[in-house]
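In: return a 3D structure for these sequence lines:
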Amino acid sequence: MKIYTRNGDEGESSLFGGRRVSKDDLRLEAFGTIDELNSVLGLVLCENITSQTKETLLWLQNTLFLAGADVAAPMESKFDSKNGSRIQPDAVLVIEKAIDSMESQLPELKNFILPGGNKAASLLHLARTVCRRAERKIVALKKSEQINADLLIFVNRISDLLFVAARFENFSSGIADSLWKK
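Out: So this is what the prediction gives:
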């Protein structure tokens, strides 16, 4: 199988189900940003991180593939939650459990913090901002098309996870959070 198909040479791409859309379509923008997030997580995984964060991020990368497919598949398509093809509420629970586990090991947060610390934490903060952009794209898409409600909750929760994971990686490395000062 060749990697190039020439089907997109005119600036269009196919969604699941065959519908052709412009490559600047909100749906493509949303799943393209999810793909970008997954790539940034790949950079984090190149760093020396805790086994807890590594395990969580590997699960997240795999689940983000499903999230991207969920966005790429209009709700009217045969791509549905009955066969596990869409993000389900249990994915949100996995994220919340990971957040709770990491947070239980961190000092209480009493101030705003600045992105930074070690390289892994800084990349996690970068991933968080890419995630927030993906969320904004999904919200914009939701204004014109029906989407899986669990998908939006999932992406919102990922940014919380990435914030806590950044703090967790700094703390595990003995690096204090950089506090925001007026």
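In: which ones are touching residue 106?
Out: Residue 106 makes contact with 164, 167-168, 171, according to Cβ atoms under 8 Å, 6 or more residues apart in numbering. C-betas here are computed from N, CA, C, even on glycine.
In: same thing but 6 Å
Out: 167, 171 (Cβ atoms under 6 Å, 6 or more residues apart in numbering).
In: that one belongs to a strand, doesn't it?
Out: No - counting by DSSP: H, G, I helix; E, B strand; the rest coil, residue 106 falls outside a strand, being coil.
In: can you report phi and psi for it?
Out: phi -100, psi 150 (degrees, to the nearest 10).
In: relative to residue 161, how far out is it?
Out: When Cβ to Cβ, to the nearest Å is the yardstick, residue 106 and residue 161 sit 13 Å from each other.
In: and residue 28, by the same measure?
Out: With distances taken as Cβ to Cβ, residue 28 is found 25 Å from residue 161.
In: before we move on, what about residue 75?
Out: According to Cβ to Cβ, residue 75 stands 26 Å off from residue 161.
In: compare those two and say which is more crowded by neighbours.
Out: Taking other Cβ atoms under 10 Å, residue 75 and residue 161 do not tie; residue 161 has more neighbours (24 against 13).
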